[in-house]
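**Student:** quick one, fold the following:
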Amino acid sequence: MTASLLERVARGDESAVRDSLEAYSPLVWSLARRLCHDRAEAEDAVQEIFVDLWRSAGRFNPAVASEPTFVAMIARRRLIDRLRRAGRRIAPVAMPEGDVSSAGMATPAAPAELSEEARVALDAMRSLSDEQQRVLQLSIMQGRSHAEIAQITGMPLGTVKTHARRGLIRIREALDPSRSGRPQPAAGGGA
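**Tutor:** All right, here's what the predicted structure looks like:
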């Protein structure tokens with residue numbers, strides 16, 4: 001089995017750095033353009049993301065996520081960090097009430113294009129209670145804190161945290177059935 005680009009980067013393969021730039025620049029650039037105010041800011045963000053990606057390459061685990069998913073997660077986290085440092089809000093994604101499939105996560109034609117892991121995650125998301133779906137949508141897709149979600153939804157903060165945790169556990173168990181029923185590690189400092 002050939003090593004992934006990130007595995008090669010982690011080993012210090014200089015050609016992998018160039019290859020990863022070629023492979024993932026379109027993905028990182030599209031995320032940066034969506035969340036950054038202007039082109040110069042997006043260019044700075046892309047550079048910062050790739051430096052962080054190369055530093056984080058050793059943490060990549062193909063058993064947990066695909067390489068493009070890992071790259072997108074690193075990019076999104078860095079972009080959100082930049083927006084928070086600048087004191088700006090993440091542009092909210094329009095989220096209709098109700099079923100997740102109507103929230104732009106998938107259309108009837110899209111499931112055929114989704115990877116098996118994405119399909120399982122989407123099915124797991126759809127199986128959550130309406131409250132869990134709403135909390136996770138606000139947290140993941142809009143970058144809202146638990147305190148902000150409590151204000152938006154009118155739920156107590158503890159209830160928001162419980163819905164987020166239980167929803168994530170159910171999705172994690174759907175993606176890795178071997179974890180079902182095992183105690184889960186405590187979530188990192190919320191709110």
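**Student:** any idea which residue sits dead centre in this protein?
**Tutor:** Met73 (4.7 Å; Cα atoms, centre = their mean).
**Student:** before we move on, what SS does Ala3 have?
**Tutor:** Secondary structure, DSSP: H, G, I helix; E, B strand; the rest coil: Ala3 is coil.
**Student:** does it touch Arg11 like I think?
**Tutor:** Yes. Ala3 lies in contact with Arg11 (Cβ atoms under 8 Å); the separation is 7.3 Å. In short, each C-beta sits where N, CA and C put it, glycine included.
**Student:** coming back round to it: secondary structure element for the residue nearest to the centre of the chain?
**Tutor:** Per DSSP states H and E: Met73 is located in helix 67-85.
**Student:** again with Ile169
**Tutor:** Assigned by DSSP H and E, Ile169 belongs to helix 157-175.
**Student:** give me the packing partners of the helix ranked longest in the chain, helices and strands only.
**Tutor:** Ranked by number of residues, the top helix in the chain under DSSP state H is helix 14-35. Using 3 or more Cβ pairs under 8 Å, 6 or more residues apart in numbering; DSSP states H and E, the elements in contact with helix 14-35 are helix 5-10, helix 39-56, helix 67-85.
**Student:** Arg165 is in contact with Gln132, correct?
**Tutor:** No. Using Cβ under 8 Å, Gln132 makes no contact with Arg165, being 9.5 Å away.
**Student:** one step back: output the longest helix of the chain as PDB, nothing but the C-alphas.
**Tutor:** Taking Å, rounded to 0.1, in the frame of the first residue of the first chain, the C-alpha atoms of helix 14-35 are listed here in PDB:
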ATOM      1  CA  GLU A  14      10.100  17.100   0.300                       C
ATOM      2  CA  SER A  15       8.300  16.100  -2.900                       C
ATOM      3  CA  ALA A  16       5.200  15.300  -0.800                       C
ATOM      4  CA  VAL A  17       5.000  19.000   0.300                       C
ATOM      5  CA  ARG A  18       4.800  20.100  -3.400                       C
ATOM      6  CA  ASP A  19       2.400  17.200  -4.200                       C
ATOM      7  CA  SER A  20       0.100  18.100  -1.300                       C
ATOM      8  CA  LEU A  21       0.000  21.800  -2.400                       C
ATOM      9  CA  GLU A  22      -1.000  20.600  -5.900                       C
ATOM     10  CA  ALA A  23      -3.600  18.200  -4.600                       C
ATOM     11  CA  TYR A  24      -5.200  20.300  -1.800                       C
ATOM     12  CA  SER A  25      -4.800  23.900  -2.900                       C
ATOM     13  CA  PRO A  26      -8.200  24.000  -4.700                       C
ATOM     14  CA  LEU A  27      -9.900  22.600  -1.600                       C
ATOM     15  CA  VAL A  28      -8.100  25.000   0.900                       C
ATOM     16  CA  TRP A  29      -8.500  28.000  -1.400                       C
ATOM     17  CA  SER A  30     -12.200  27.400  -1.900                       C
ATOM     18  CA  LEU A  31     -12.700  27.300   1.900                       C
ATOM     19  CA  ALA A  32     -10.600  30.400   2.500                       C
ATOM     20  CA  ARG A  33     -12.400  32.400  -0.200                       C
ATOM     21  CA  ARG A  34     -15.700  31.500   1.400                       C
ATOM     22  CA  LEU A  35     -14.700  32.600   4.900                       C
END
